[in-house]
Every structure is written in C-alpha cells, then in structure tokens.
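Student: Quick check, what structure comes out for this input:
(3 chains)
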Amino acid sequence: MAEIKIFNPDGLAKPARTYSHIARAKTQEVVFIAGQVSADASGATVGKGDFEAQCAQVYANIHSALRALGADWRNVVQFTSFLVRPQDAAAFRAYRGREFPKMFPGGAYPPNTLLIISRLADENYLLEVQTIAAL
Amino acid sequence: MAEIKIFNPDGLAKPARTYSHIARAKTQEVVFIAGQVSADASGATVGKGDFEAQCAQVYANIHSALRALGADWRNVVQFTSFLVRPQDAAAFRAYRGREFPKMFPGGAYPPNTLLIISRLADENYLLEVQTIAAL
Amino acid sequence: MAEIKIFNPDGLAKPARTYSHIARAKTQEVVFIAGQVSADASGATVGKGDFEAQCAQVYANIHSALRALGADWRNVVQFTSFLVRPQDAAAFRAYRGREFPKMFPGGAYPPNTLLIISRLADENYLLEVQTIAAL
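Tutor: Presented below is the predicted three-dimensional model:
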C-alpha cells in the first residue's frame, strides 16, 4: 500500500474537527472517485430532505468504491465536500464527529475542504463528496 | 503511458450518463490542467450566452492542453465541472451524451463531479471544467 | 524533488495573470493540503471583512504546510481558489499580481481555478484555497 502520512503542521490551527491539514502519499497508484451523492445502487435518491440519511448514503457509496479497489478509508488522501444549505454545515460536522472515529480508528482524518454551493446535479441532493485515494 | 482503469464498482448506481465512478491510475506522472473556460487562443470569450458553443470551446481547450503533453482524452482521470445556471445541467448532459462517445470511443468516461456555483471568473462564462490526467 | 514542468501550451490563451494552464509532475509523492482559510495558529479568524488581509493569511498558511513538508511554492501543482464575493475577484488578481512574483520568482505560476461560491465553512471567511503539491 501507499505510504500515507496524515498530519497537522506547526503554525496552522489544530483542526477542531474531523479533518487534517496535510496528507502526504508516497504512491505509484492514485484513484479518483467521482463525487458521490445520496443515490442507492438502483440510482434512487435516498433521504429526500434528510441530511443525515444523505450523509450515511454518501459515505457508504465512497466505501463501496474503496472496497472495490481493495482499499479502505485509510487510503483516502483528499475529501472535497459540497453542501447546498449553509445550515447543514453544523449537522455535517456532527455526523463526521460521530462517525469518523469509527471509520478512521487511528484518528488520521484526511484533509477536507468544505464548500457551500448553489446546487448539485439534482435538486434533491443535499451534499456531494469527491474523493482522491492512494493505493 | 500510465496504466489507467476506469470502471464502475458493484454497489453503486450505474451512471446513466457520461461518467464513471472510479479512475485508477498506475502512474509516475500526473498532470493538472487549470479550469478551462470558453476563451479562444486570443483570450476572447467564445459563445456569449450560448451554452453549447461554450461546451465545445472548453473541451477543445482541454484537448489542446492534452495534446501539448502528447496525451489524449484517454489520459484523463478526473473532471470537475462547474456550471453557473442550473438549467444548463440538462444541456451539459446532452452535449456530453452526444460528444463523449466520439472523444472516448472505448466508453471509459472519466469520473466527473458536476457542481452548480454562483459565478466563474468572468460573468460571461457559463461553465468551467478542471482536469487531472495521468501520463 | 519531483520534476515539475509548468507551462502554457500553444492554442490556449496566454494567461494574463498569475497562473499557468498546465503543471506536469514526474513524482512518486503527492501532497494534498486541506483548503486553507484566514485562521491563525490559534484558530482565530484573521481580517474579518478585509479581503487582502485574508489573502495574506491564507497563503501564509499554505506556506506553513509546504515548509512542514520540506517543500516550497515551487512544489505546488494545483491551486483551486474559492471566493464568496464576486467583487473580490479583482482584488484577488491584484493581490496575486503583486505577491506571486515574489513567491514564484521563476514565474512558473501553478494552474489555478477561480470559483465564486455561496459560502465557506464560516461566514467570515472570504476565500479558501485548496492546494496539491508534488514532492
């Protein structure tokens, strides 16, 4: 597996939440996963209007992609997270604060960039998470 | 060339359109192409108010960048696409549905993340596409 | 260090400003830095309402991250820059036009994608810059 080091350098605010500032990957194989939304295997939208249910589906989808690669959460080197409602930012942090310690038991949370944008591909989607991993 | 595998894993909805969920690149050379907008070689905006014309220019620009690298569409491992008007999403899918089979004759469409945002660098730009490739 | 070539290909408009179209990195080690905002080492927001002060803090933060890696500006292969106020785009270009020649004395400005979005993680943040580097 790639040699991945995730850490927070001196001089930057210690992240209060579930991300780190830097992921450094010595790797010869990089994986790009399309932004995942709250759609199940049939393509149906899951959790209309339910932000927390959508979070669960989005990370389940990312995990499916990782497992298909023989990889896991520890291979993730970058998340970019897009929300459409500013008021969901707190719920997003709460969800990650509760779930990420289980997903990343070592506490090496990948870098994340959180952005609030106008809309996703479908108006029912409340979040989308784009992932880069190193194998 | 990089050994690139583009595929859709089990457990994720089969993309109805012109993208795939995963691009996996065994590579020692990665290329980052600045987001391309509808500007021609002189810098003039092409297709003011004409979304389809802007799509054509944007992908032509990306192709120019790829060719300058001795690369081609098959080297693309990630697109991130930004639109400013939600109503253009359908036209974007239609454009890709028509053009991508020619650009990617093998049908290995790279992962794409489609985002609707407030504005691009110039108010006349209707879309911007950021590209990562592996050589 | 990675062998990084930053250049503008024929056929694309010569960037009038402080970015280039392509960064090509022959590398075995890639670094992903979480989007940096205008927070100091204690986590306090710097430059509330002062776009230029926020630019200075954001790039200082990215530089801290790079130095922690034994790297520097010349290692950057991609910037993605998010602003929340369209009217700051001109100030952003002015800031970069003034500061980037000092940061990148060789003039090899990394690719940048400039996006105007609805909001960042905190409503006081006026910009966020996400960075990828090659070591």
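
Student: Report whether the top helix by length along chain A contacts chain C.
Tutor: Identified as the longest helix of chain A according to DSSP state H is helix A:51-68. No. Helix A:51-68 stays out of contact with chain C when judged by CB under 8 Å from any CB of the partner chain, the minimum separation being 15.6 Å. From N, CA and C alone the C-beta is placed, and that goes for glycine too.

Student: Tell me how far that helix lies from the chain's centre.
Tutor: Computed by CA atoms, centre = their mean, to the nearest Å, the chain-centroid distance of helix A:51-68 equals 9 Å.

Student: do stretch A:81-96 as well
Tutor: Remark: stretch A:81-96 is offset 12 Å from the chain centroid, using CA atoms, centre = their mean.

Student: middle-most residue in chain A, spatially?
Tutor: Centroid check for chain A by CA atoms, centre = their mean gives A:Phe79 as the closest residue, at 4.7 Å.

Student: so which helix or strand takes in that one?
Tutor: Assessed by DSSP states H and E, A:Phe79 sits inside strand A:76-83.

Student: which residues are contacting that strand?
Tutor: Contact partners of strand A:76-83, identified using CB atoms under 8 Å, 6 or more residues apart in numbering or on different chains, comprise A:4, A:6, A:19, A:23, A:25, A:35, A:62, A:66, A:89, A:92, A:110-117, A:120, A:126-134, B:115, C:30, C:32, C:35, C:130, C:132.

Student: And those residues, which of them are buried?
Tutor: Buried members of those, counted by 16 or more other CB atoms under 10 Å in any protein chain shown: A:4, A:6, A:19, A:23, A:25, A:35, A:62, A:66, A:89, A:92, A:110-117, A:120, A:126-134, B:115, C:30, C:32, C:35, C:130, C:132.

Student: mind listing which of these are in strands?
Tutor: Among these, DSSP state E puts A:4, A:6, A:23, A:25, A:35, A:112-116, A:120, A:127-134, B:115, C:30, C:32, C:35, C:130, C:132 in strands.

Student: Need the mean per-residue confidence for the strand holding A:Phe79.
Tutor: The pLDDT scores in strand A:76-83 average 98.

Student: Distance from the chain centre to it, please.
Tutor: Relative to its chain's centre, strand A:76-83 lies at 5 Å (CA atoms, centre = their mean).

Student: That strand pairs with which strands, parallel or anti?
Tutor: strand A:112-116 (parallel), strand A:127-134 (antiparallel) (DSSP bridges).

Student: Just the pLDDT at A:Ala68, thanks.
Tutor: As predicted, A:Ala68 sits at a pLDDT of 95.

Student: how close does it sit to B:Leu83?
Tutor: Counting by CB to CB, to the nearest Å, the gap from A:Ala68 to B:Leu83 is 29 Å.

Student: neighbour-wise, which of the two wins?
Tutor: More crowded of A:Ala68 and B:Leu83, by other CB atoms under 10 Å in any protein chain shown: B:Leu83, with 25 against 19.
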